[in-house]
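Participant: Can you look at this prediction? I've put the sequence above it.
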Amino acid sequence: MASILVTGGAGFLGSFICEKLLAMGHQVVAYDMSNGEKIEHLIDKPGFRFVQDSILNFSSMEREIDRADIVVHFAAIADPKRYVQEPLVTMEIDLQGALNVFKLASKKKAKVCFASTSEIYGKNPAIPWKEDAERVLGSTHINRWCYGTAKAAAEHYCYAYAHQEGMPFVIYRFFNVYGPRLDDLGSGRVLPIFLKQCLHDEPITIHGDGLQTRTLVYIEDAVDCVVRAIFNEKAVGQAFNIGTSQELSMKDLALKLKEVGGFKSEIVYVPHKEVFGASYEDVPRRVPDVSKAKKLLGWEATTTLEEGLKKTIAYYKEQIANR
Ligand SMILES: NC(=O)c1ccc[n+]([C@@H]2O[C@H](COP(=O)([O-])OP(=O)(O)OC[C@H]3O[C@@H](n4cnc5c(N)ncnc54)[C@H](O)[C@@H]3O)[C@@H](O)[C@H]2O)c1
């Protein structure tokens with residue numbers, strides 16, 4: 001049994017990770033500055049504690065990391081709308097916050113399991129991307145790249161702390177994880193936007209021409225990979241793509257959502273500039289090579305898009321019904 005600190009533990013991914021680690025019998029502390037709505041069901045479970053604070057509070061982080069064997073560092077600003085509109089706070093939390101964690105974990109000799117992102121590959125056209133692929137990012141005057149840049153710099157710090165201080169780490173690069181508890185309907189990520197529109201019989205607004213592609217991975221699959229890597233010695237010092245190879249255009253995603261949910265919304269197209277302002281640039285294709293996670297961790301996603309969307313739609317319908 002390990003003592004595990006999960007920063008961002010009251011977020012989408014973090015809440016499921018806390019749930020799974022508790023079910024495995026570990027001592028879990030969720031550290032998050034949100035109100036903890038997504039972990040309300042865990043609050044009274046034995047072995048669980050919630051600390052509502054910011055990762056930028058160094059002394060509070062120090063207190064918690066001193067008690068931990070493993071730090072799962074997932075706290076971040078991850079919503080595209082926010083990182084375009086609030087680049088300062090995004091970089092402060094996503095980079096400075098990560099540095100606080102690495103510095104303290106390294107001193108404590110705790111293992112760090114860090115949530116990075118597919119955004120670090122930028123717009124590299126040579127897909128699918130292996131973990132050692134080139135990073136091709138846009139100009140620094142485009143706010144959009146501040147998120148991927150902060151995460152990539154934090155990854156560099158992981159390697160540097162490992163190299164110079166012997167800090168054990170694992171890096172996860174997520175490719176559009178989705179499922180229940182993702183975000184409030186209508187937030188800046190694609191599925192909550194489409195779903196809100198479908199559930200309210202409004203037109204689905206596709207940003208740009210809809211031909212940009214992504215791959216989607218269901219939450220249970222993603223969390224399975226995260227947890228495997230926490231406890232597998234072969235994962236130490238490694239970065240993993242967490243996703244699927246099923247490339248899907250945003251137009252096809254909208255059509256699939258309509259089909260699975262039986263929604264009647266029409267599809268309309270809105271220029272990126274109208275949504276995000278000038279400081280945005282889209283990534284035309286984003287597809288991971290996921291063979292490394294399969295080879296080292298024996299992991300691959302098994303939930304079909306149809307199954308995952310059904311469960312997600314059911315969750316959000318229930319949320320609306322219970323309001
Ligand atoms: N969901 C995805 O598809 C995806 C893709 C790429 C990367 N990631 C990364 O995975 C991690 C989790 O993402 P998520 O989808 O669960 O997002 P999320 O927004 O649901 O979770 C992030 C959590 O971090 C918390 N947080 C933000 N700033 C904080 C601070 N200063 N102090 C303490 N807590 C703070 C938020 O309150 C939130 O609960 C993030 O690091 C994100 O960058 C997620």
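Facilitator: Yes, it's here.

Participant: Return the residues of the stretch 51-200 of the chain in contact with the ligand.
Facilitator: Contact residues (C-beta under 6 Å from any ligand atom) of the stretch 51-200 of the chain with the ligand: 54-56, 74-78, 93, 97, 115, 117, 174, 176-177. Heads up, the C-betas are built off the backbone N, CA and C, glycines and all.

Participant: Now do the strands in the chain.
Facilitator: Using DSSP state E, the strands found in the chain span residues 3-7, 27-32, 48-52, 70-73, 111-117, 169-174, 177-178, 204-207, 213-214, 217-218, 238-242, 248-249, 267-270.

Participant: give the contact list for the one residue in the chain that gets nearest to the ligand.
Facilitator: Evaluated by C-beta to the nearest ligand atom, the chain has Gly11 as its residue closest to the ligand, separated by 2.1 Å. Counting by C-beta atoms under 8 Å, 6 or more residues apart in numbering, Gly11 touches 32, 34, 38, 74-75, 78.

Participant: how does it look with 10 Å?
Facilitator: Counting by C-beta atoms under 10 Å, 6 or more residues apart in numbering, Gly11 makes contact with 17-18, 30, 32, 34, 38-39, 74-76, 78, 115, 181-183.

Participant: for Met91, same thing?
Facilitator: Neighbouring residues of Met91 by C-beta under 10 Å, 6+ apart: 77, 83, 97, 143, 146-147, 149-150, 153.

Participant: Kindly recompute the last result at 8 Å.
Facilitator: Taking C-beta under 8 Å, 6+ apart, one finds 146, 149-150 in contact with Met91.

Participant: try Gly237
Facilitator: 162, 168-170.

Participant: Mind doing that once more with 7 Å?
Facilitator: With contacts defined as C-beta atoms under 7 Å, 6 or more residues apart in numbering, Gly237 is in contact with 162, 169.

Participant: ok so, going back, kindly indicate which of the residues of the stretch 51-200 of the chain next to the ligand lies nearest Pro203.
Facilitator: The closest of these to Pro203 turns out to be Asn176 (C-beta to C-beta; 22.2 Å).

Participant: That closest one: neighbour count?
Facilitator: 21 (other C-beta atoms under 10 Å).

Participant: quick one, what contacts it?
Facilitator: Applying C-beta under 7 Å, 6+ apart, we find Asn176 in contact with 214-217.

Participant: Let me know which of the strands of the chain is the nearest to Leu297.
Facilitator: strand 238-242 (7.2 Å).

Participant: Show the buried residues in the contacts of Gly11.
Facilitator: For those, a burial check counting by 16 or more other C-beta atoms under 10 Å picks out 17-18, 30, 32, 38-39, 74-76, 78, 115, 181-183.

Participant: Among those residues, which ones are in helices?
Facilitator: Those of the buried ones among the contacts of Gly11 mapping onto helices are 17-18, per DSSP state H.
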